[in-house]
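Asks: Provided below are the primary sequence and the corresponding predicted coordinates.
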There are 2 protein chains.
Amino acid sequence: MNLKELSAHLGLSQTTVSRALNGYPEVSEATRQRVAAAAEQHNYRPNTRAKGLATGRAMAVGHVIPASARHEMVNPIFGDFISGAGETYATHGYDMVLSMVDDGDQARVYRELKAKGTVDGLIIHGPAVADERIGLIRELGLPFVVHGRATAETEPYSWVDVNNKSAFQRATELLVDLGHRRIALLNGLETMDFARRRRAGFEAAHEARGLDVNLSLMLSEEMTETYGHQRAHEMLDRDDGPTAFIVSSMIIAMGVRRALEERGLAIGRDVSVITHDDDLSYLRNGGEVPLFTATRSSVREAGRISAQMLIDQITMPTDEIPTRLLEAPLMLGRSTGPYPSTDAHADAAQ
Amino acid sequence: MNLKELSAHLGLSQTTVSRALNGYPEVSEATRQRVAAAAEQHNYRPNTRAKGLATGRAMAVGHVIPASARHEMVNPIFGDFISGAGETYATHGYDMVLSMVDDGDQARVYRELKAKGTVDGLIIHGPAVADERIGLIRELGLPFVVHGRATAETEPYSWVDVNNKSAFQRATELLVDLGHRRIALLNGLETMDFARRRRAGFEAAHEARGLDVNLSLMLSEEMTETYGHQRAHEMLDRDDGPTAFIVSSMIIAMGVRRALEERGLAIGRDVSVITHDDDLSYLRNGGEVPLFTATRSSVREAGRISAQMLIDQITMPTDEIPTRLLEAPLMLGRSTGPYPSTDAHADAAQ
DNA sequence: GAGTCGGGCCAAAGCGCTTTGGATGGCGTG
DNA sequence: CACGCCATCCAAAGCGCTTTGGCCCGACTC
């Protein structure tokens, strides 16, 4: 059923039916009711493409996923982010279109999205410290919101990000205040902006407490369980091994925990661990008292916020460029404790 | 730059330019070259909506994600599936549109997708044993492919699935052959079709080996790390606890492993574990010899295959209804061993 | 009672593309 | 030399919708 048929059926013009359905005032209330009823009955929905052609709006938002970011992003947190964003899109009648893209093709894809008119706006995922995408998209004139920030970008742009630096600074300070002096940082790839900021927070905490960072305890790799497991073992093998770990994801934390258990070390007593927790729906840091002490920030919520921000920019463009910094509170769990441990057990286990 | 402008620029009609670009024969080779060059130079791309309107094709495929399936599916495996499917779509010029939907709204959303003409086809995720979506979509007349199967569905439909039953049967048989008699099954929710089939394989193996299944060792819950951890502990607390576990996901397996380590049990010696491994890019069951013995099947590959199958159905509809059963080979890792253990160590550890 | 106003409706143009149904003209044929 | 054929190109219709610019007529003003 299309407009033509519906209006013929009603004995009205397409104009009137269209207006009735879209809430324009030039239609009598009686007619509007009649039209609405008929539309409902015949399950009429305006064709998206035709509507888009006529209005110049695609009613769709694009998410471009660089293939390189797959391991870092697609899987662990992407699902939750998308899921949050999707809820928001749904309530506003927007579709979400996803593109998986090889890194070299990025520019091409963005241009294409613009030229083909597939989407009204874009969400940029996983920004690097210096990210050329931002300049490109701004140039194309598509509204966009970056999930995260790109430190090297000098022009203003719209973003939603967690306060990674302050979160990791507070986490580090907590450990220092608990007496830890050799703290390891198992970070994500520091080409990624969030990782760079976390490192900055880690360093800032050392500085604030008058300590030197130990470069040999700072690692930056893809965030996998194996990474956490392997590196924790290696570090703990050393004479001057760490007494505490700060890690960038729950997955890494699980690897670290496994290593500790294999060594008979009690987490939170012999060795402390703090992780960043994206509050993923399939990886809860659960319990009344969470297992891991963590800097927590819901990536799903970030998805909702980003989507809303983008839709706002699409529907009512303004000159201001909105940004949103989300705090990541430090949630105390069972994985942190004083050093040296007050419990004799700790030494025995070693 | 649109067709009109481009053709004006070239001094040709829109017809000719369109034909040149789309490879029709009624255009001289010289003209075609000229057109192609100009299009390239001006970065011309036909507007998707206009093209869609004219051709009746949306050049897009829909993935509807039921909100209820979030924990089970969105996160752990969804990213990889989507990523595989996305690659295939990209090479064929299709867009992928995602909808997050509350369960009650499912029917509405499918109808809408059809009526609005947003997509040319659908992929159905996470089918339940009895899944009303299949009938609905068939009725709507949209091409679709189900990732998984719905056992209760009687009419034929297109699907791509792993041979869950045979995989779990072989896994179970291996454990029995290794001497295990009390084998636990930590399954996913058995409203999901895949879980039901895995259970069937588990039971079939018992039957084939002349054993009775122990209902108290069979669980069916959401597949989280906590689930594996908690339930493994509970089961091992019992006098007649299991000597081996078969679990439905790497995440559960990680929970079980943690429980074993906490109890000082050596995995693969004191207690055996087999898991299903979706070969997720962020959760590798790595190493030359994998950590876990596992039934392995790449969900990313399943995504590619499903996407290709759907595109084929869209572009050249036939009467046959293609299906594809993927085998999940049993990969021997370090988490399985004979029972009773030949190693005296095992008892000592207990 | 003539003139004005505006509520309610409609015809038609236009969004950017594909595709049908010609037009045109150079060339070989008898 | 007239004819027909083919290669090449074009004008215009149509996809389903929104929106501009009117039309019509009853109500209201003076």
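Replies: That came in fine, so what should we check first?
Asks: how about the strands in the stretch 1-150 of chain A?
Replies: All strands of the stretch 1-150 of chain A, identified by DSSP state E, counting those that start in this stretch, fall at A:60-66, A:95-101, A:121-124, A:144-147.
Asks: Nearest to B:Q14, out of those?
Replies: Across the strands of the stretch 1-150 of chain A, the minimum distance to B:Q14, taken as CB to CB, is reached by strand A:60-66, at 25.9 Å. Yep, even glycine has a C-beta here, placed from its N, CA and C like the rest.
Asks: For the residue nearest to the spatial centre of chain A, which non-adjacent residue is spatially closest?
Replies: Among the residues of chain A, the smallest C-alpha distance to the mean C-alpha position (CA atoms, centre = their mean) belongs to A:V299, namely 4.7 Å. With CB to CB, 6 or more residues apart in numbering or on different chains as the measure, A:D278 is the residue that lies nearest to A:V299, at 4.3 Å, once sequence neighbours are left out.
Asks: On the pLDDT front, check that neighbour for me.
Replies: We have a pLDDT of 92 for A:D278.
Asks: Wait, it touches A:F78, no?
Replies: No. A:D278 sits out of contact with A:F78 when judged by CB atoms under 8 Å, with a separation of 10.5 Å.
Asks: Which one of the strands of the stretch 1-150 of chain A lies nearest to DNA strand C?
Replies: With CB to the nearest atom of the strand, the closest approach to DNA strand C among these belongs to strand A:60-66: 16.0 Å.
Asks: quick one, the closest one and strand A:95-101 angle?
Replies: Relative orientation of strand A:60-66 and strand A:95-101, computed by axes from the mean of the first three to the mean of the last three CA atoms, to 10 degrees: 20 degrees.
Asks: now strand A:60-66: mean pLDDT?
Replies: If you average the per-residue pLDDT over strand A:60-66, you get 89.
Asks: For it, name the packing helices and strands.
Replies: With contacts defined as 3 or more CB pairs under 8 Å, 6 or more residues apart in numbering or on different chains; DSSP states H and E, strand A:60-66 has these neighbours: helix A:79-92, strand A:95-101, helix A:106-116, strand A:121-124, helix A:299-315.
Asks: does any part of the third one sit near chain B?
Replies: This points to helix A:106-116. Yes. Shown here: helix A:106-116 in contact with chain B (CB under 8 Å from any CB of the partner chain) through A:R111, A:E112, A:A115, A:K116.
Asks: Next SSE downstream of the helix or strand where A:R324 lies?
Replies: Taking DSSP states H and E as the definition, A:R324 sits inside strand A:323-326. For strand A:323-326, the succeeding helix or strand toward the C-terminus, using DSSP H and E, is strand A:330-331.
Asks: tell me how far that following strand is from the chain's mean position?
Replies: 19 Å (CA atoms, centre = their mean, to the nearest Å).
Asks: Partner strands of that strand and their direction?
Replies: Strands adjacent to strand A:330-331 in the sheet, as given by DSSP bridges, are strand A:293-296 (antiparallel).
Asks: same question for the strand it pairs with, mean pLDDT?
Replies: Averaging pLDDT along strand A:293-296 yields 97.
Asks: swap in stretch A:201-211?
Replies: Stretch A:201-211 comes out with an average pLDDT of 97.
Asks: Reformat the strands of the stretch 1-150 of chain A as TSV; add mean neighbour count and distance to A:G264.
Replies: Supplementary listing: the strands of the stretch 1-150 of chain A in TSV, determined by neighbours: other CB atoms under 10 Å in any protein chain shown; distance: least, CB to CB, whole Å:
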stretch	mean neighbour count	distance to A:G264
strand A:60-66	24	41
strand A:95-101	23	44
strand A:121-124	24	45
strand A:144-147	26	40
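Asks: Tell me which of those strands lies nearest to A:L10.
Replies: Of all those, the one in closest proximity to A:L10, counting by CB to CB, is strand A:95-101 (28.5 Å).
Asks: What pairs with that closest one, parallel or antiparallel?
Replies: Strand A:95-101 pairs in its sheet with strand A:60-66 (parallel), strand B:95-101 (antiparallel), by DSSP bridges.
Asks: Which of those strands sits closest to DNA strand D?
Replies: Comparison of the strands paired with strand A:95-101 against DNA strand D by CB to the nearest atom of the strand identifies strand A:60-66 as nearest, at 15.7 Å.
Asks: mind exporting that closest one as CSV, just the C-alpha atoms?
Replies: Coordinates of each C-alpha in strand A:60-66 appear next as CSV, following Å, rounded to 0.1, in the frame of the first residue of the first chain:
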residue,chain,number,x,y,z
ALA,A,60,19.9,6.9,9.1
VAL,A,61,23.1,7.2,11.0
GLY,A,62,26.4,5.5,10.0
HIS,A,63,28.9,3.7,12.1
VAL,A,64,32.1,2.9,10.3
ILE,A,65,34.2,0.2,11.9
PRO,A,66,37.8,0.1,10.8
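Asks: ok, how many other residues are close to the closest residue to DNA strand C within the stretch 101-250 of chain A?
Replies: With CB to the nearest atom of the strand as the measure, A:G117 is the residue of the stretch 101-250 of chain A nearest to DNA strand C, at 7.4 Å. Neighbour count for A:G117, taken as other CB atoms under 10 Å in any protein chain shown: 21.
Asks: Show the contacting residues for the residue nearest to it when sequence neighbours are not counted.
Replies: The shortest distance from A:G117 to any residue other than its chain neighbours is 4.9 Å, reached at B:N47 (CB to CB, 6+ apart). Shown in contact with B:N47 (CB atoms under 8 Å, 6 or more residues apart in numbering or on different chains): A:L53, A:K116, A:G117, B:N2.
Asks: ok, which pair from those residues is furthest apart?
Replies: A:L53 and A:K116 (12.6 Å).
Asks: Relative to DNA strand C, how far out is the residue of the stretch 251-350 of chain A found nearest DNA strand D?
Replies: Residue of the stretch 251-350 of chain A nearest DNA strand D, by CB to the nearest atom of the strand: A:T315 (13.0 Å). Look at A:T315 and DNA strand C: by CB to the nearest atom of the strand, to the nearest Å, they are 20 Å apart.
Asks: roughly how far apart are that residue and A:I123?
Replies: Using CB to CB, to the nearest Å, one obtains 16 Å as the distance from A:T315 to A:I123.
Asks: What of A:T172?
Replies: Taken as CB to CB, the spacing of A:T172 relative to A:I123 amounts to 31 Å.
Asks: pLDDT weak spots in the stretch 1-150 of chain A?
Replies: Flagging of the stretch 1-150 of chain A using pLDDT under 70 yields the residue ranges A:68-76.
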